[in-house]
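Student: Predicted structure and sequence below. I'll ask about it afterward.
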Amino acid sequence: MTLDDVAGRSAYDADHEAFRQTVRQFLRKEGVPHVAAWEADRLVPPAFWQAAGAVGLLCPTVPEAYGGLGLDFGYNAIVNEELTYNGVPAGFTLQSDIVAGYLEHYGSEEQKRHWLPRMVSGETISAIAMTEPGTGSDLQSIRTTARRDGNHYVLNGSKTYITNGQNADLVLVVAKTDPAAQPAWRGMSIILVEADREGFRRGRKLDKIGQEAADTSELFFDDVRVPITNCLGEEGKGFGYLMSQLPQERLSIAIGAQASAQKAFDETVAFTKDRKAFAGVVFDFQNTRFVLAGLKTKLQVGWAHLDWAIRRHLAGALTNEEGAAAKLWHTEVQWEVLDACLQLHGGAGYMNEYPIARAWRSARVTRIYGGTNEIMKEVIGRRL
């Protein structure tokens with residue numbers, strides 16, 4: 001089973017699909033055989049990032065002048081689809097779809113020349129630190145500060161739920177450079193913090209109900225000194241920078257959700273055709289066929305919408321609301337498909353027996369924590 005079996009895709013051209021074969025071949029050789037060990041270790045090793053960088057999987061959109069391939073976001077999307085469909089839990093999409101974009105759009109020439117080639121090669125693993133204990137998605141309520149002291153900032157605060165937190169060599173930290181600013185978003189900046197800075201430390205690698213190999217972490221900043229030149233873009237403009245990148249970030253999540261749902265469906269079709277029950281197989285039951293037909297219909301609609309959103313983003317036209325709607329719809333479909341497929345595997349009693357159960361738990365996280373409720377606000381909040 002591969003994503004080649006999805007009919008009627010319209011977002012990609014022949015060059016994109018040739019790249020897909022390279023990505024798939026690499027992941028199946030260098031990633032898939034090691035997933036069980038990575039999940040046991042609860043960490044994807046940095047060596048895998050470097051191997052991926054060597055074949056061009058990291059940050060495809062980075063211009064050639066900074067060591068990248070200078071390609072369009074469609075190539076990022078293909079890496080995302082194949083990572084998810086093949087069950088390889090590396091946090092490439094954060095680096096390629098989010099952090100690289102901030103550096104490309106707002107970084108100084110010195111910052112871009114130093115960091116982007118290293119991110120492309122996998123020598124540098126990056127993270128972005130926004131969420132704090134008690135603040136959730138309310139960025140204006142963050143308490144981490146970056147106080148000026150001569151030609152340095154001094155950072156104090158803590159972050160949590162940070163993807164790539166244990167591996168990160170570079171962290172983009174959202175902090176308040178003017179805590180007294182009103183409204184609060186006017187005082188927010190993004191500060192680049194290297195992991196070897198004195199006062200920076202990593203906390204727990206957090207326990208989760210899914211995504212066991214993802215090194216989601218706590219991070220702490222205790223009088224961390226960085227030069228003023230580590231500010232990304234202009235001081236006080238951080239919140240605006242974060243908002244400007246939302247369409248791509250939301251689309252990236254929608255892509256992973258759709259690929260996850262398709263994988264669950266494909267695995268379930270194969271399982272029900274093999275699972276014997278009552279002198280037949282589960283696939284032959286009328287209820288099974290009804291359920292699978294409904295899921296297949298949802299997936300067909302999902303791929304059509306996703307391709308529309310990718311093409312629209314490639315044209316520079318995808319809005320914040322459209323990106324949020326894509327994240328909302330595709331994560332809801334992901335949850336619906338995975339939940340139904342788990343039932344066809346035998347339900348919760350088989351929670352630890354099949355790979356689909358791990359995907360189910362991950363989808364449950366997306367839906368409950370920072371998922372549907374917050375994205376609904378983004379879709380309709382500014383329209384009411």
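Tutor: Perfect, I can see it now.
Student: Spatially, which residue comes closest to Gln140, not counting chain neighbours?
Tutor: Ala184 (4.1 Å; C-beta to C-beta, 6 or more residues apart in numbering). To be clear about C-beta, it is placed using only N, CA and C from the backbone, and glycine gets the same treatment.
Student: ok, the one you found - how many residues close by?
Tutor: By other C-beta atoms under 10 Å, 17 other residues sit near Ala184.
Student: now Gly8
Tutor: 8.
Student: cool, Gly53 as well?
Tutor: When counting by other C-beta under 10 Å, one arrives at 22 neighbours for Gly53.
Student: Does it touch Arg118 like I think?
Tutor: No. In this structure, Gly53 is not within contact of Arg118 by C-beta atoms under 8 Å, at 9.0 Å.
Student: if I pick the residue nearest to Gln140, what's in contact with it?
Tutor: Each residue near Ala184 by C-beta atoms under 8 Å, 6 or more residues apart in numbering is listed here: Gln140, Ser141, Lys176.
Student: if you set the cut-off to 10 Å instead, what comes out?
Tutor: Ala184 makes contacts with Asp138, Leu139, Gln140, Ser141, Ile142, Lys176, Asp178, Phe239, as judged by C-beta atoms under 10 Å, 6 or more residues apart in numbering.
Student: any shared contact partners between Gly53 and Arg118?
Tutor: Shared contacts of Gly53 and Arg118, counting by C-beta under 10 Å, 6+ apart, come down to Gly67, Thr124.
Student: circling back: closest one of the contacts of Ala184 to Asp97?
Tutor: Nearest to Asp97, judged by C-beta to C-beta, of the contacts of Ala184 is Leu139 at 18.8 Å.
Student: How is Val173 assigned, secondary-structure-wise?
Tutor: strand (DSSP: H, G, I helix; E, B strand; the rest coil).
Student: Give me the local confidence score for the residue of the chain most remote from its centre.
Tutor: In terms of distance from the mean C-alpha position of the chain, Ala279 ranks first, at 43.8 Å (C-alpha atoms, centre = their mean). Note for Ala279: predicted pLDDT of 84.
Student: Backbone dihedrals for it, please?
Tutor: Dihedral pair for Ala279: phi 60, psi 20, per degrees, to the nearest 10.
Student: what about it, distance to Gln286?
Tutor: Separation of Ala279 from Gln286 (C-beta to C-beta, to the nearest Å): 15 Å.
Student: do the same with Asp274
Tutor: Asp274 sits 18 Å away from Gln286, going by C-beta to C-beta.
Student: Who has more neighbours out of these two?
Tutor: Comparing Asp274 with Gln286 by neighbour count (other C-beta under 10 Å), the higher total belongs to Asp274, at 10 against 7.
Student: Please name the nearest non-neighbouring residue to Ile98.
Tutor: Going by C-beta to C-beta, 6+ apart, Ile98 has Glu249 as its nearest residue, at 5.6 Å.
Student: Does the one you found lie in a helix or a strand, and which?
Tutor: Per DSSP states H and E: Glu249 is located in helix 246-274.
Student: what residue ranges in the stretch 51-200 of the chain are flagged as low confidence?
Tutor: Across the stretch 51-200 of the chain, not a single residue meets the criterion (pLDDT under 70).
Student: What are the neighbouring residues in contact with the nearest residue to Asp149 once chain neighbours are set aside?
Tutor: In space, and not counting its chain neighbours, Asp149 is closest to Arg225: 7.4 Å by C-beta to C-beta, 6+ apart. Contact analysis of Arg225 by C-beta under 10 Å, 6+ apart lists Asp149, Gly150, His152, Tyr153, Val154, Leu155, Val193, Arg197, Glu198, Gly199.
Student: Dump those into a markdown table; add distance to Leu328 as well.
Tutor: Putting these into a markdown table (distance: C-beta to C-beta, whole Å) gives the following:
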| residue | distance to Leu328 |
| --- | --- |
| Asp149 | 43 |
| Gly150 | 46 |
| His152 | 42 |
| Tyr153 | 36 |
| Val154 | 39 |
| Leu155 | 34 |
| Val193 | 32 |
| Arg197 | 38 |
| Glu198 | 42 |
| Gly199 | 39 |
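Student: Burial check on the residue lying closest to Thr177 once chain neighbours are set aside, number of neighbours?
Tutor: Excluding the flanking residues, the one nearest Thr177 by C-beta to C-beta, 6+ apart is Ser189, at 4.3 Å. By the criterion of other C-beta under 10 Å, Ser189 has 22 neighbours.
Student: Check the contact between Ser189 and Gly236; I expect there is one.
Tutor: Yes. Here Ser189 reaches Gly236: they are 6.0 Å apart, a contact under C-beta atoms under 10 Å.
Student: where do the contact lists of these two overlap?
Tutor: Shared contacts of Ser189 and Gly236 (C-beta under 10 Å, 6+ apart): Lys176, Thr177, Asp178.
Student: Which stretches in the chain count as helices?
Tutor: Using DSSP state H, the helices of the chain run over 14-26, 35-41, 46-54, 73-85, 92-93, 100-106, 109-121, 238-244, 246-274, 286-314, 320-344, 355-368, 372-380.
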